[in-house]
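Peer 1: Here is the input, now give the coordinates:
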Amino acid sequence: MAELRPPRLVLGSASPRRLELLAQIGITPHALRPADIDETPRPGEAARAYVRRMAVEKAQAITLDADEACLTGDTTVLVGRRILGKPADRAEAGEFMRLMSGRRHVVLTSMALRHGDRIAERLVETKVRMRSLDAQALEDYLDMGDWRGKAGAYAIQGAAAAFIPWIQGSFSAVVGLPLSETAAMLAAIGIHPRPEGARS
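Peer 2: Here you go, the predicted model:
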């Protein structure tokens, strides 16, 4: 009896951070296929429902061959009940940073793994504390431009690391993909870390 081959993994994201995180655990997608969906929150939609919906809708939007599986993710920042997505411009980035300054916020990261007609989904929550930012520190940070394309206007592995003295939960989830949970989801469909140079 022929051994069943694991599906080929498609990463449904354009995020270089998610690609780097997968590489960290020895996973190399055979293709990158970012999903193009409307990411506008619905009126009154709770943050946890929103981030879950985004990951699942991205997975559903990607065209797959029969031997492929796709992994998608979505990360958002929650301050109180307010969802902070990717800032549209410098002014909004400054607003987001001032909202988080001196307080805790929650980073929500949802992943969806679609294989055949099934979608597995996981949500990981991480609490993050940002120190109080003075006006000069904030202006210097905004000048660097590291807020562009980042949920909540920051990347924990970037310049904003200087502002974050404490996290509770998954560091890799704040970067964009919780590695322990992702590895378990992939293993469940037969995708395991492959040593560099191994035959595919």
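
Peer 1: make it CA atoms for all contacts and neighbour counts henceforth
Peer 2: Fine.

Peer 1: C-terminal to the helix or strand bottoming out on mean pLDDT in the chain, what's the next element?
Peer 2: Least confident helix or strand, the chain: strand 82-84 with a mean of 91, by mean pLDDT, DSSP states H and E. Going down the chain from strand 82-84, the next helix or strand is helix 90-100, by DSSP states H and E.

Peer 1: what helices or strands is the biggest helix by length in the chain leaning on?
Peer 2: Ranked by number of residues, the top helix in the chain under DSSP state H is helix 47-61. Under the contact criterion of 3 or more CA pairs under 8 Å, 6 or more residues apart in numbering; DSSP states H and E, helix 47-61 touches strand 68-79, strand 104-115, strand 118-129.

Peer 1: mind putting the ones you listed in JSON lines, distance to Arg18 included?
Peer 2: Listed next are these as JSON lines, based on distance: least, CA to CA, whole Å:
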{"stretch": "strand 68-79", "distance to Arg18": "9"}
{"stretch": "strand 104-115", "distance to Arg18": "11"}
{"stretch": "strand 118-129", "distance to Arg18": "15"}
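
Peer 1: So which of the ones you listed is nearest Gly149?
Peer 2: Nearest to Gly149, of all these, is strand 68-79, at 11.6 Å by CA to CA.
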